[in-house]
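A.B. asks: Here is a sequence together with a model predicted from it:
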Amino acid sequence: MHGTSTLKRRVVAILAATALGAGGLALLPAATAAAATTTTNFAAWISLDNGIAVLSQTADASITPAQVVQGSNFTLTEAGGTQTIPTSNGGVPVVYATNYNNMYAVPVGANYVSSTNGTFTFTPSVGSTVTGTESVTYCDPAAPPLPAACTGTKQSPEFPSNFAASPYLEVGTGATQFSAGGTLTTTAWSATFTATGTGAINQTWDEFQTTAAIFLAGQTLSANVNGYPTAVSTSPCASGCSTAQLPPLTASVIATTSSAAKPAIAALVPDAGPPAGGTVVMIHGTGLASPTSVTFGGTPATSFTSVTPDSIRAVAPPGPVGTVDVGVTTAVGTSPVVPGDQFTYTNGPIVTDVQPRSGPPAGGATVAISGLQLTGATGVSFGGTPATSFTVNSDTSITAVAPAGSGVVDV
């Protein structure tokens, strides 16, 4: 028993100090022009003798496009690469490495659509070349049964991450054994998602799994490692550790995009103005932040200012008598034509506001009517009923006395 315990302590010390479990199969692809290489630090509980390994792996991931319209698709791509499986690590012979799996949570604000597998080619130092598929599997715990390829580690004292309780992708080479000294080459894989939210959409790397077979003290031993992302400053613990010493989970973002709502107009206030232009119009809707242009029937607004992410203040340009559509363009597109975007150029009177907006059913409320082109008004009505009386104060103001009535009416 003492000899076996000593062997286990030696194995754990080697794993923790040299990162053999991950180093035996860590793919380190060269960065491409389309992607930024990132390094993720992982921590893993080693059950052989209660040790904690701290390991680093490299990702070369990118998301296109860099900005996506809400409701549209974007694609995550992980570049391929080449690595030689080491023949030894820390003086301990490596026999082979296998079960190389990586897990990526489906980003918040996105839904999975489809994926494209990668491939691998393994050229051993002795023997024939082996080719296979680096498969991309969608795993949704809410829709059992899960595919056999879904092996994300559940949250436990040994694994503090709970990513596997939500949809994730598992990318792996399967049970193929890659013998020491051989060269493993992988091609790129990709996954497509639909942006359902707005703002930043971050792709995280949430777990790696791998098994390294080493030859130690006359025996071939398998070292299984399930790593979760943690901080750079984390230190390993060789043996005799407790799960309380595991470092905290630190999310690792390997690629990002941003999603924005396409501009949409809901209402214009006022929705009419004189042909000479100059009417200050409040445009209300969604996705109106950072507009690059505002048009009235295709004619650029005299000026416009973003007030809030959902409103714009614009000055109408001159236009012919009639109704036109107002359009707003941002970096993600142009607003579609809807009834709420219609603006009418007219020579007739235009009401822009009434105060107060309510009165007693018996009538008698004095109402201040604001607007344009009010000079010469010959009648004022409340829901088709003539005002008890009215006075034209100016081209932009009328004072009227409301008649008896009920409900909501137009003035």
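C.D. replies: Now that the structure is in, tell me what you want to look at.

A.B. asks: which ones are touching Pro141?
C.D. replies: By Cβ atoms under 8 Å, 6 or more residues apart in numbering, the contact set of Pro141 is 164-167. Glycine gets a C-beta too; all of them are placed from N, C-alpha and C.

A.B. asks: Nearest to Ala188 among those residues?
C.D. replies: Relative to Ala188, the closest of the contacts of Pro141 is Pro167; by Cβ to Cβ it sits at 21.9 Å.

A.B. asks: Can you read off the pLDDT for that closest one?
C.D. replies: With respect to pLDDT, Pro167 scores 98.

A.B. asks: Use 506 as the first number from now on
C.D. replies: Will do, 506 is the new start, and the previous item becomes Pro672.

A.B. asks: okay, the closest residue in space to Pro629 that isn't next to it in sequence: pLDDT?
C.D. replies: Of all residues not flanking Pro629 in the chain, Gly687 sits nearest, at 3.9 Å (Cβ to Cβ, 6 or more residues apart in numbering). pLDDT, Gly687: 92.

A.B. asks: hang on, the earlier thing: next step: the contacts of Pro646 restricted to strands.
C.D. replies: Taking DSSP state E, every one of the contacts of Pro646 sits outside strands.

A.B. asks: What subset of those is buried?
C.D. replies: Among those, those scoring as buried are 669, 672 (criterion: 16 or more other Cβ atoms under 10 Å).

A.B. asks: is Gly832 in a bridge, and if so with what?
C.D. replies: Here Gly832 sits in beta bridges with Thr800, as judged by DSSP bridges.

A.B. asks: quick revisit: thought the residue nearest to Pro629 was touching Thr589?
C.D. replies: Yes. Counting by Cβ atoms under 8 Å, Gly687 touches Thr589, with 7.2 Å between them.

A.B. asks: neighbour-wise, which of those two wins?
C.D. replies: Taking neighbours as other Cβ atoms under 10 Å, Gly687 and Thr589 compare with Gly687 leading, 21 against 13.

A.B. asks: quick one: the more buried one and Val831, what's the gap?
C.D. replies: Distance from Gly687 to Val831, counting by Cβ to Cβ, to the nearest Å: 65 Å.

A.B. asks: How about Leu754?
C.D. replies: 49 Å.

A.B. asks: ok, the residue nearest the centre of the chain - contacts?
C.D. replies: Residue closest to the average C-alpha location in the chain (Cα atoms, centre = their mean): Ile706, at 1.8 Å. Applying Cβ under 8 Å, 6+ apart to Ile706 gives the contacts 568, 573, 579, 612-615, 698, 700, 761-764.

A.B. asks: which of those count as buried?
C.D. replies: Buried among these (16+ other Cβ under 10 Å): 568, 573, 579, 612, 614-615, 698, 700, 761-764.

A.B. asks: Going by distance to Phe625, which of those residues wins?
C.D. replies: Distance to Phe625 across the buried ones among the contacts of Ile706 (Cβ to Cβ) is lowest for Ile568, with 23.1 Å.

A.B. asks: And the helix or strand containing the closest one, what does it pack against?
C.D. replies: Assessed by DSSP states H and E, Ile568 sits inside strand 556-569. Applying 3 or more Cβ pairs under 8 Å, 6 or more residues apart in numbering; DSSP states H and E, one finds that strand 556-569 contacts helix 507-523, helix 525-528, strand 541-551, strand 578-583, strand 704-709, strand 724-735, strand 758-765.

A.B. asks: For that strand, what is the distance to the chain centroid?
C.D. replies: 20 Å (Cα atoms, centre = their mean, to the nearest Å).

A.B. asks: Keeping just the C-alphas, turn that strand into PDB.
C.D. replies: Coordinates of each C-alpha in strand 556-569 appear next as PDB, following Å, rounded to 0.1, in the frame of the first residue of the first chain:
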ATOM      1  CA  GLY A 556      -4.000  17.600  -6.300                       C
ATOM      2  CA  ILE A 557      -4.700  20.800  -8.200                       C
ATOM      3  CA  ALA A 558      -3.200  21.400 -11.600                       C
ATOM      4  CA  VAL A 559      -3.000  24.800 -13.200                       C
ATOM      5  CA  LEU A 560      -2.700  24.700 -17.000                       C
ATOM      6  CA  SER A 561      -2.700  27.100 -19.900                       C
ATOM      7  CA  GLN A 562      -4.200  26.600 -23.300                       C
ATOM      8  CA  THR A 563      -4.400  28.800 -26.400                       C
ATOM      9  CA  ALA A 564      -7.400  29.600 -28.500                       C
ATOM     10  CA  ASP A 565      -7.600  31.300 -31.900                       C
ATOM     11  CA  ALA A 566     -11.200  32.200 -32.200                       C
ATOM     12  CA  SER A 567     -13.100  34.900 -34.100                       C
ATOM     13  CA  ILE A 568     -16.700  36.000 -34.600                       C
ATOM     14  CA  THR A 569     -18.000  37.500 -37.900                       C
END
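
A.B. asks: Could you pull out the buried residues of it?
C.D. replies: Buried residues in strand 556-569 (16+ other Cβ under 10 Å): 556-560, 562-568.

A.B. asks: what would those look like in JSON lines with distance to Val631?
C.D. replies: Converted to JSON lines, these look like this (distance: Cβ to Cβ, whole Å):
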{"residue": "Gly556", "distance to Val631": "33"}
{"residue": "Ile557", "distance to Val631": "36"}
{"residue": "Ala558", "distance to Val631": "30"}
{"residue": "Val559", "distance to Val631": "33"}
{"residue": "Leu560", "distance to Val631": "29"}
{"residue": "Gln562", "distance to Val631": "28"}
{"residue": "Thr563", "distance to Val631": "28"}
{"residue": "Ala564", "distance to Val631": "31"}
{"residue": "Asp565", "distance to Val631": "30"}
{"residue": "Ala566", "distance to Val631": "34"}
{"residue": "Ser567", "distance to Val631": "37"}
{"residue": "Ile568", "distance to Val631": "41"}
